[in-house]
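# return a 3D structure for these sequence lines:
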Amino acid sequence: MALPRSDRGHALRSFSEGGFATLVSVLLVGAVGSAIAVSLLLGGVSSAKSGIILTQLVQARALATACAESTLQSLHDNLSYSGTIALTLGDGSCSATLIVGAGSLRTITSSGTVGIVVQKMTIQTSALAPSITLSSWQDVGDF
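Numbering: from 1, shown residues only. Just a heads-up that it's a prediction; the model follows:
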């Protein structure tokens, strides 16, 4: 049975409008899905960078500690020692300087660097004999 001419146009219009709505829905869902995927990828990259920085921070602190302990060993071996120690270990480097104070007071400034990360610390002694006694060991922002 054939539809009258006016009904055929209406049937085609309904079919076309339904297809348009479906197409818009598919495009909208695709855009939202793409936005979610991009944000997850960027979040993963940011997280990976944070992990690298944290690793470098731990390594820089270990290097600063190594130079400080090496300086303490030099002081233990020679109580009149003063000077600077510099070491390169792995991907980083460190340096420590012994500053002589009055009597048994000594201050060691030490820094470790890995990549762009720098860790600094200050160590102070209160006695040198019969053994070295430390009065403080602190991480600092700057000397």
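# OK, contacts around the residue most central in space within the chain?
With distances taken as C-alpha atoms, centre = their mean, Ile53 lies nearest the centre of the chain, 2.2 Å away. Contacts for Ile53 were tallied using C-beta atoms under 8 Å, 6 or more residues apart in numbering; they are Val117. The way it works is simple: take the backbone N, C-alpha and C, and place the C-beta from them, glycine included.
# could you do Gln56 as well?
The contact partners of Gln56, by C-beta under 8 Å, 6+ apart, come to 92, 114-117.
# before we move on, back to that, in a helix, the residue nearest to the centre of the chain, correct?
Yes. Ile53 forms part of a helix when assessed by DSSP: H, G, I helix; E, B strand; the rest coil.
# all strands for the chain, in order.
83-89, 92-100, 106-114, 117-127, 133-140 (DSSP state E).
# the shortest one pairs with which strands?
It refers to strand 83-89. When pairing is defined by DSSP bridges, strand 83-89 lines up against strand 92-100 (antiparallel).
# how far off strand 106-114 does the strand it pairs with point, in degrees?
170 degrees (axes from the mean of the first three to the mean of the last three C-alpha atoms, to 10 degrees).
# residues of strand 92-100 that come out buried?
92-98 (16 or more other C-beta atoms under 10 Å).
# hmm, who's touching that strand?
Outside strand 92-100, the residues that touch it by C-beta under 8 Å, 6+ apart are 56, 59-60, 63-64, 66-68, 70-71, 74-75, 81-87, 106-115.
# in ChimeraX, how would I select the buried members of the residues you listed?
If you want just the buried ones from the contacts of strand 92-100 in ChimeraX, going by 16+ other C-beta under 10 Å, the selection is:
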select :56,59,60,63,64,66,67,68,70,71,75,81,85,106,107,108,109,110,111,112,113,114
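# around the closest residue to Leu105 other than its chain neighbours, how many other residues sit close by?
Excluding its sequence neighbours, the residue lying closest to Leu105 (C-beta to C-beta, 6 or more residues apart in numbering) is Thr125, at 6.5 Å. Thr125 has 20 neighbours, counted by other C-beta atoms under 10 Å.
# quick one: contacts for Thr125?
Residues in contact with Thr125 (C-beta under 8 Å, 6+ apart) are 75, 104-108, 132-135.
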